[in-house]
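Trainee: Next comes the sequence, and after it the predicted model I'd like to discuss.
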Amino acid sequence: MNMNIKALAVMAVALSTALPAMAASPWVVANNTTKTECSACHMAYAPGFLPKRSWRAIMSDLSNHFGEDASLDDAARTEISNYLVSQAPRDIRGLAASATPLRITELPWYTRIHGPRFVAYAQSHPSIGTLSNCTGCHRGAERGIFGDD
Amino acid sequence: MKFKLIIATTAVALVGAVVAANTQRDAILSGYAAQAGVSGFSADAGRQLFMSQNTGGKPATPSCSTCHTSDPRNVGHTRVGKVIQPMAVSRNPERFTDPAKVEKWFGRNCRSVLGRECTPTEKGNFITYMMSL
């Protein structure tokens, strides 16, 4: 009995330290302005997918955003940029420190997992359409869940 | 009796929301009319703008209809496949009721499609077309 209570207490402590870490997961967009503005056109990509320098580059050239003008007012732009940069990793494994990729789909791990056959499959299926559409295959992508492929 | 009251209350609330939306939209239109120095707008000119094919903007978006389809009563799709709710006010009464949102999207999309800002007259014509469908 005593052991059980001790075990419970240990679990409670473990949970209470784990929960704040989960709330700040780099795989889920936790900032409302970021969620609203980015998801107006595409899934709001979580900060963990690109290094800080990439988010800085993207957020400082919104008038040329992958072929469209995605300009924001200064307040929204600054808030989103600060959020993404603060939550993003400094570096991503396999990525040269000199590289500043603007597309998640160009990252070494992405192309390793999503090979040419997959790319052809995705592009030939209207329900997926483009590689920008993570949720076309990963239904839980916006909740940071990608283990369903 | 209670049921009827609920229906009546809901109906009044809905009509109220539509009236409020119409008032907000009219205020936005009046603003553009004042900027343009005109007393009214043309739905037909708005339609022509919407359907026009352009080369001055970004290559991926030559026309409004690229994403919104050629009938603004339809649901459109962004270039990455996300649904865009209809532009026509009859299908989407929330359209053109938030001045900041209206200006944000005219700004982005006029630059993307035309490669320049839209004039107040063009904005007024566009909204008037969307109200006429």
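Mentor: Sure thing, it's come through.
Trainee: Next, work out how far apart the residue sitting nearest the centre point of chain A and A:Arg143 are.
Mentor: Residue closest to the average C-alpha location in chain A (Cα atoms, centre = their mean): A:Ala46, at 2.2 Å. Note on A:Ala46: its distance to A:Arg143, by Cβ to Cβ, to the nearest Å, is 10 Å. Quick note: C-beta positions are derived from backbone N, CA and C, even for glycine.
Trainee: And for A:Thr36?
Mentor: From A:Thr36 across to A:Arg143, the span is 17 Å (Cβ to Cβ).
Trainee: Just give me the neighbour total for the nearest residue to the residue nearest to the centre of chain A once chain neighbours are set aside.
Mentor: Of all residues not flanking A:Ala46 in the chain, A:Trp27 sits nearest, at 4.9 Å (Cβ to Cβ, 6 or more residues apart in numbering or on different chains). Neighbour count for A:Trp27, taken as other Cβ atoms under 10 Å in any protein chain shown: 17.
Trainee: try A:Ala122
Mentor: Look at A:Ala122: counted by other Cβ under 10 Å, it has 17 neighbours.
Trainee: circling back: OK, contacts around the residue nearest to the centre of chain A?
Mentor: Residues counted as contacts of A:Ala46 (Cβ atoms under 8 Å, 6 or more residues apart in numbering or on different chains) are A:Ser25, A:Pro26, A:Trp27, A:Val28, A:Val29, A:Gln87, A:Gly144.
Trainee: mind running it again at 7 Å?
Mentor: Counting by Cβ atoms under 7 Å, 6 or more residues apart in numbering or on different chains, A:Ala46 touches A:Pro26, A:Trp27, A:Val28, A:Val29, A:Gly144.
Trainee: Buried only: go through those for me.
Mentor: A:Trp27, A:Val28, A:Val29 (16 or more other Cβ atoms under 10 Å in any protein chain shown).
Trainee: can you list contacts of stretch B:32-43?
Mentor: So stretch B:32-43 is in contact with B:Leu29, B:Thr119, B:Pro120, B:Thr121, B:Lys123, B:Gly124, B:Asn125, B:Thr128, B:Tyr129, B:Ser132, going by Cβ under 7 Å, 6+ apart.
Trainee: sorry, back to before: strands - which of the buried ones among the contacts of A:Ala46 land there?
Mentor: The strands in this structure, assigned by DSSP state E, contain none of those.
Trainee: Buried residues of stretch A:74-93, list them for me.
Mentor: A:Arg77, A:Glu79, A:Ile80, A:Ser81, A:Tyr83, A:Leu84, A:Val85, A:Gln87, A:Ala88, A:Ile92.
Trainee: Next one: the last one from A:Gly48, what distance?
Mentor: Distance, A:Ile92 to A:Gly48, by Cβ to Cβ: 9 Å.
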